[in-house]
Structures are given as structure tokens and as C-alpha cells.
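Engineer: I would like the atomic coordinates for the input below:
(2 chains)
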2 protein chains.
Amino acid sequence: MKVVLLGSGNVATHLALALKAKGEDIVQVYSPNLINAGNLAEKVESAAINDLSKIDQHADLYLISVKDDAIEQVAASLKQVKGLVVHTSGTTDVKLLSAHVAHSGVFYPLQTFSKNKDVDFKNIPLCIEASDEKQLGILKQLANKLSEKVYEIDGDKRKVLHLAAVFACNFTNHLYTLANQVLSGHNLEFDIIRPLIAETADKIKADLPENVQTGPAIRHDESTIKAHLDRLKDMPELHNIYETLSNSIKLTYK
Amino acid sequence: MKVVLLGSGNVATHLALALKAKGEDIVQVYSPNLINAGNLAEKVESAAINDLSKIDQHADLYLISVKDDAIEQVAASLKQVKGLVVHTSGTTDVKLLSAHVAHSGVFYPLQTFSKNKDVDFKNIPLCIEASDEKQLGILKQLANKLSEKVYEIDGDKRKVLHLAAVFACNFTNHLYTLANQVLSGHNLEFDIIRPLIAETADKIKADLPENVQTGPAIRHDESTIKAHLDRLKDMPELHNIYETLSNSIKLTYK
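Structural biologist: Numbers count the residues shown, from 1 in each chain, chains lettered A, B, ... in the order given. Below you'll find the model as predicted:
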């Protein structure tokens, strides 16, 4: 497949590397910043462009992996192409593409990507959607090459997934940060808490989280909760979060 | 070492199994519930008792691993013993023991334990504290047998650790539960989000969480945040938590 990649961020980079590894031909990498486009293009033996009017009109697949609010502008520049145009966003409606291009779809990897950390696409859930059965077939074939976890999911469910991901990933990581704020205020290293974080995530690999909840709130241990809140009295934001989440746990396990 | 174990819950069970595996002699397991004491005693070839007056007075170590509010009562029954008496609580002051017994200490494993999931003690941070240097030496030797991560930590820092652990473990697991509530409301399986949870925890093994935060809030992506809040309008508790944590992220990364 001849693929044009529009974007050069974390998702674009990891996708490009995975596609290249599977033998796909990344013919162009577009970014408004030519240095960014060039950095990624070099990794996948591609051409770098920063001008949407120079896009190759004869590729099979156009992968738009830019910020959500830039997707429409990029799609509008692809009106003439005959290939399949997909975006990788969890929140953006596919109609934003179909208003501009003949064949559209979504290719949403449900994962968190970091610049300097490799990921194994084999385990990444790929959520796909397309404007018609033929295009869905093309996407499915590509997705199956990359991952063992391919889901055909409509836009509404994809948005639900993205929302759940904010709780399970973004908010979770922020709780790690808040834990580190508590520790560093007392000269304790984050390292001491890393095994606990690893085990907390490990526990739900074979169980549901509601079956393995622990801690003072589920025990309705008011004296420990009060001691913790007292200790947070000079950190009003953490105090508020502690209280909000403890109350939610207490309500869940009445 | 001759060890008497007071308690039969998750922490007591995992500790007993680890001590037994290292060749320590668990002479008695106490629980007010004799069936619980018996179940654990059988696993570690010990005697089960449910009467504090029957406790062996000549053991080297008394490990109190009961609910926080039951520690004092158990300690009060050990006034005559010459061995070292320790508890395993993150929140309880060692003075609660030293008021009753000659030699006291703390042996706090910073980990979350589940009934049916094995843990490798080698990687569990063990936080120890003792009433004097000699007792500390005994505890340190025992801790080093079990784990590669032994920390001498005073009561105040231990309480800070416990508070950080609530954020990093208990609250985190509850966020997994809330994510599952979002998913199950739309007939989506928790399984689809498991790789994301695993990767979120994996990312901070070699980095600090504040360096790898992702999601709409750190991007100050107000339109996605609004769409998510709209979707949660019929789930006021999740709406509140979403708003609270998003605001905290926005404040952290201004």
C-alpha cells in the first residue's frame, strides 16, 4: 500500500514505524513544520512536505494524525484523492472527513504513546470504522496486519472508549503525579512507590477492578481518612481530590 | 526464628507464606475466627489459635497484622513476651505497641495484596522501624531475607507513604472501576481498555508521571472536555470527578 501520513506527533510516529515494519510504503510525511516532517520521513524512508498542495494524489491511504481541531483543514485539501482517507482521533466524527472526501474512515489506536518509548502494536486495540464495506475491508486487512486486537466500532462507541480512556489513563497518570507530590514534599523518592503502581495495574489483568479495590475508603475507615485529610490541609487541591474520590469509593461499596 | 502471626487476612497470609518459604518457623497463627486461623495455619504448618491467652510466650517475633483498630487490643495481650512485637500497618504509630511491650517495631510492606494473586516479595518495599538499634538490626536482617527493597523509615514518613499509596493504588484502581462503568453503560467490555492501563503503568517505570501526562486536559482542549462532560451529564458523580481531575491537570500544566 502507498500511504501518505499527515502528521508527525506521537501517534503518527508510532503508526508510521509500525506500518513501515510491516512493509507498507510511506510515500510522504506531511507536517506544517518541515523539520518535524523530515525527522519522521527519515525514519521511514519517506519524503517530507510542509505544503498540502504538494500531496501525492495517487496514494491508497491517507492517514490524518494531527490535532483534532486541525483534521478538517487537512481533509479539505484531499478533495481530489481517490484513496481512502482516515483519521486516528478518538473524538472526531467520521463525517468531518466524508464531507470532503470520497472514501473515509477511522483508524483509532486505543493506547497512550510517548516519544521515547516503543510500543508493540500487536497488543494495541485498533478501532476501525469506514464509509462503506469495501473501505472497511481495506482497513480491516491493514489493522489485522498490525494488531491482534481489531474492533469494528461506530463513532458513538469510539467516543465512549475515548472517555473511558481518559479515566483509565490520563487521570490515572495524574494520580501518580499527585502521589509523587505527596512524596517529594517529604523527601521521599517516587521509586519507592513504583512496585505498588505496577501491582495495581497487574491485578486487573485477570480480574475486574471492582473486585480488587482496597484502602481506607472501601473499609469505611473514617479515622484513617480523617488523618489523611488533616495531612493534606495545606494542599487544598489534593484535599479536594482525596475527599471526592474517597466519597465515590464509599458510595460504590456501601 | 520462631514467629507468632497475629492475623489471617491478605497481608498476614502473604507475609506468612513468604516467611515460611525463607525457612522461618511460624509457631502459631492467631485469629478471633478459628476457621480463618486454621486455613492459614495449615498452609504454613503452624498451630491455629483464637484465644489471645494461649499465645506462645517464647517466640522471637510477634507479627501483628490485623485491622488498625484491633492492633492495640492484640498488643495489650503481649505484655509478658520478651520477643520483638511489630505491626504491619501504614498508619499506626509504633508507640501504640511500645506502651504495652518491651520491644516494638514496624514491618510495613508497601504493596496491595489480594487473596488469590501471588506476589514476589523480592520487589516489595519493606519499611521498617524499631524501638532500638538491636531490634532494628533483627528486623533489617529479616526484611533483607524477603526483599531487595528495605527502607528504614520513621512513623511520620511511613504515614506519608501510606497517603501517597492511597492516591497511586486505591484511587487509581477506582478510576479503572469508573472507566468500566463508562464502558459497560455502552456494552463495551473492560478487556478493550486493559492494554491501555498496562501501558499507562509501564510508562512510569523509567520516567516520572509528570513527564508523560497525555490527554485533553494537559492540552487544554476545552471542546473535548466539554463533549466528555456533556456525555456524563446523567452520571453526576463521574461528571464531578472528571471536572475535578481535569481542573487539577490544567492547573499543574498551565
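Engineer: Residues touching the helix or strand hosting residue A:41, excluding its own?
Structural biologist: For residue A:41, the host element (DSSP states H and E) is helix A:34-43. With contact meaning CB atoms under 8 Å, 6 or more residues apart in numbering or on different chains, helix A:34-43 is reached by A:5, A:8, A:12-13, A:16-17, A:20, A:26, A:28-31, A:46-50. C-beta coordinates here come from the backbone N, C-alpha and C atoms, glycine included.
Engineer: how does it look with 7 Å?
Structural biologist: For helix A:34-43, contacts defined as CB atoms under 7 Å, 6 or more residues apart in numbering or on different chains pick out A:8, A:12-13, A:16-17, A:29-31, A:47-50.
Engineer: Which helix or strand lies directly C-terminal to that helix?
Structural biologist: Counting by DSSP H and E, what follows helix A:34-43 is strand A:47-49.
Engineer: contact partners of that following strand?
Structural biologist: Under CB under 7 Å, 6+ apart, the answer for strand A:47-49 is A:27-30, A:34, A:37-38, A:41.
Engineer: residues near residue A:198, how many?
Structural biologist: 17 (other CB atoms under 10 Å in any protein chain shown).
Engineer: do the same with residue A:82
Structural biologist: Residues near residue A:82, counting by other CB under 10 Å: 11.
Engineer: Next, work out how far apart it and chain B are.
Structural biologist: 31 Å (CB to the nearest CB, to the nearest Å).
Engineer: Surely that residue is in a helix?
Structural biologist: No. Counting by DSSP: H, G, I helix; E, B strand; the rest coil, one finds residue A:82 to be coil, located in no helix.
Engineer: Model confidence score at the closest residue to it other than its chain neighbours, please.
Structural biologist: Sequence neighbours aside, residue A:102 is the residue nearest to residue A:82 in space, at 6.5 Å (criterion: CB to CB, 6 or more residues apart in numbering or on different chains). If you check residue A:102, the pLDDT there is 96.
Engineer: ok, now residue A:250?
Structural biologist: 97.
Engineer: Ok, residue A:119 next?
Structural biologist: Reported pLDDT for residue A:119: 89.
Engineer: could you give me the average pLDDT of the helix holding residue A:41?
Structural biologist: Per-region confidence: helix A:34-43 scores 97 on mean pLDDT.
Engineer: Quick check: buried residues in it?
Structural biologist: By neighbour count with 16 or more other CB atoms under 10 Å in any protein chain shown, helix A:34-43 contains the buried residues A:34, A:36-38, A:40-41.
Engineer: ok, residue A:5 touching residue A:11?
Structural biologist: No. Judged on CB atoms under 7 Å, residue A:5 makes no contact with residue A:11 at a distance of 10.3 Å.
Engineer: Now do the shared contacts for the two.
Structural biologist: residue A:65.
Engineer: which of those two has more neighbours?
Structural biologist: Neighbours were counted for residue A:5 and for residue A:11 using other CB under 10 Å; residue A:5 has more, 28 against 20.
Engineer: coming back round to it: ok, which pair from the buried residues of helix A:34-43 is furthest apart?
Structural biologist: The span of those, defined through CB to CB, is set by A:34 and A:40 at 11.0 Å.
Engineer: Please settle this for me: is residue A:129 part of a strand?
Structural biologist: Yes. Looking at residue A:129 with three-state DSSP, it is inside a strand.
Engineer: residues near it, how many?
Structural biologist: Burial of residue A:129 is recorded as 22 neighbouring residues (other CB under 10 Å).
Engineer: Look up the closest residue to it, ignoring the ones flanking it.
Structural biologist: Leaving aside its sequence neighbours, residue A:129 sits nearest to residue A:106 (CB to CB, 6+ apart; 4.2 Å).
Engineer: Leaving out chain neighbours, which residue sits closest to residue A:246?
Structural biologist: residue A:217 is the one closest to residue A:246 (CB to CB, 6+ apart), at 4.2 Å.
Engineer: Three-state assignment for that neighbour, please.
Structural biologist: Classification of residue A:217 using three-state DSSP returns coil.
Engineer: So for it, what's the pLDDT?
Structural biologist: At residue A:217, the predicted lDDT confidence score is 97.
Engineer: ok, now residue A:69?
Structural biologist: At residue A:69, pLDDT is 89.
Engineer: ok so it is a helix residue?
Structural biologist: Yes. Using three-state DSSP, the assignment for residue A:69 is a helix.
Engineer: got any ranges where the stretch 51-200 of chain A has weak pLDDT?
Structural biologist: Within the stretch 51-200 of chain A, no range satisfies pLDDT under 70.
Engineer: For chain B, what is the nearest residue in it?
Structural biologist: residue A:170 (3.0 Å; CB to the nearest CB).
Engineer: where's that residue relative to residue A:9, distance?
Structural biologist: As defined by CB to CB, to the nearest Å, residue A:170 lies at a distance of 16 Å from residue A:9.
Engineer: Fine by me, thanks again.
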